[in-house]
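Colleague: Let me see the structure of the following:
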Amino acid sequence: MRFEVKTDSQIFSNRVMSIVFISCVLFFITVLTSVSINLAKISNYFEVNYLCKLFLLEKSNFDTKRLSNLTKQTSKQKMWDLCKEILK
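Modeller: All right, here's what the predicted structure looks like:
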């Protein structure tokens, strides 16, 4: 028959390893969340830029609605001014 006794050093090392593992998981979750938020901002910027180019060239109503939703501008004149500033 074999008996194993856990010593304090084994319990301590297990606790330290679990704390390190949880810290690493939380760090990676934080990094991935930050990256996804930044990618969303970048994609919104490029979508606004693209829609401004279409708005200045074609002046279509569909792009105007999408652009007004993204930029929170209500009038076409404000969107026109915003697009001119963006594309400078």
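
Colleague: most centrally placed residue in the protein?
Modeller: residue 37 (1.1 Å; Cα atoms, centre = their mean).

Colleague: Would you mind measuring from it to residue 30?
Modeller: According to Cβ to Cβ, to the nearest Å, residue 37 and residue 30 sit 11 Å apart. Where you see a C-beta, it was placed from the backbone N, CA and C, and this is true even at glycine.

Colleague: What of residue 44?
Modeller: For residue 44, the distance to residue 30 equals 22 Å [Cβ to Cβ].

Colleague: quick one: average pLDDT of the strand or helix carrying the residue nearest to the centre of the chain?
Modeller: In this assignment (DSSP states H and E), residue 37 forms part of helix 8-57. Averaging pLDDT along helix 8-57 yields 88.

Colleague: name the helices or strands packed onto that helix?
Modeller: Helices and strands in packing contact with helix 8-57 are listed as helix 61-71, helix 76-86; criterion 3 or more Cβ pairs under 8 Å, 6 or more residues apart in numbering; DSSP states H and E.
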